[in-house]
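K.L.:
Quick check, what structure comes out for this input:
(one chain, ligands or ions: 1)
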Amino acid sequence: MARPLLLGTRSQGKLRELRPLFEAAGFVVADLHLAGIPREPGEDAIEVGATFAENALAKARYYHRLSGQAVVADDSGLEVAALAGAPGIHSKRWCQDGTLDAHALDRANNALLLRRLHGATDRSARFVCAAAYVDADDEFVELGECAGAILTETRGDGGFGYDPLFFSNELGRTFSEADALSKERVSHRGRACAKLIARIPSRR
Ligand code: IMP
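P.N.:
Next comes the predicted model:
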């Protein structure tokens, strides 16, 4: 039986990764645009938690309340060892320029990351993702991580966010150089969502 699922994110980068993952698992996937859920000013106040897990659950609950549908939402980010785990849950708007579109924001965040790591010897980092599922009867969160290092210059054209600077230890290349399936196999989001999918009851 078809299982409808709403992806609670406005990030095109995340949608490109989440949609095939959940479709391959048999879900009939809608995004916020398709579900006719316009951006509300209130959305900016959803992510006030102190952890990825709190924020992922808050987003999934919010869109479940609005839609009445089963929802998956993720909260994710980059933790850099030499920066004591920053930018962490602040990864999306780390450069603090609210005027930029998604691509310009990614470029500004990457430029800031290079500046902050200038001269650093320890360039190790990890991506972390909390993926949350909420429906009328259930809610749960799963975590995924992947380890790597921040390069001194960008490499590759694919992906989004910090992908061009993040060298995956497991893939031996940046996430921007990797094809979608390779990134999904080792990425924080791929791992968190695989665990989430295994927990979603099949009757839904
Ligand atoms: P969120 O929408 O609050 O979860 O913020 C996620 C932010 O973390 C994104 O805007 C990116 O800056 C960064 N991020 C999360 N996952 C990835 C990824 O897979 N690749 C690159 N950057 C990511």
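
K.L.:
contacts, neighbours, all on C-alpha from now
P.N.:
Will do.

K.L.:
which stretches of this structure have low pLDDT?
P.N.:
203-204 (pLDDT under 70).

K.L.:
repeat that with 50
P.N.:
For the chain, applying pLDDT under 50 flags the ranges 204.

K.L.:
Show me which residues of it sit near the ligand.
P.N.:
74-77, 91-92, 160-163 (Cα under 6 Å from any ligand atom).

K.L.:
Among those residues, which one has the most neighbours?
P.N.:
The most neighbours of any of the residues of the chain next to the ligand, using other Cα atoms under 10 Å, belong to residue 74, which has 28 neighbours.

K.L.:
On the three-state scheme, that residue is what?
P.N.:
strand (DSSP: H, G, I helix; E, B strand; the rest coil).

K.L.:
coming back round to it: just the residues of the chain next to the ligand: which are in strands?
P.N.:
Judged by DSSP state E, strands contain the following of those: 74-77.

K.L.:
Any chance of CSV for the residues you listed, columns distance to residue 33?
P.N.:
Listed next are these as CSV, based on distance: Cα to Cα, whole Å:
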residue, distance to residue 33
74, 17
75, 19
76, 21
77, 23
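
K.L.:
Tell me who's in contact with the residue positioned nearest the centre of the chain.
P.N.:
Geometric centre of the chain, nearest residue: residue 76, 4.3 Å, by Cα atoms, centre = their mean. Counting by Cα atoms under 8 Å, 6 or more residues apart in numbering, residue 76 touches 52, 88-89, 91, 127-130, 189.

K.L.:
Out of the residues you listed, flag the one nearest to the ligand.
P.N.:
residue 91 (4.5 Å; Cα to the nearest ligand atom).

K.L.:
which residues does the residue nearest to that closest one when sequence neighbours are not counted contact?
P.N.:
Leaving aside its sequence neighbours, residue 91 sits nearest to residue 77 (Cα to Cα, 6 or more residues apart in numbering; 5.2 Å). Going by Cα under 8 Å, 6+ apart, residue 77 touches 87-92, 127-129.

K.L.:
for residue 77, which residues make a bridge with it?
P.N.:
residue 128 (DSSP bridges).

K.L.:
could you pull out the strands for this structure?
P.N.:
Under DSSP E, the chain gives strands at 3-7, 27-31, 71-80, 124-134, 139-150, 166-168, 173-174.
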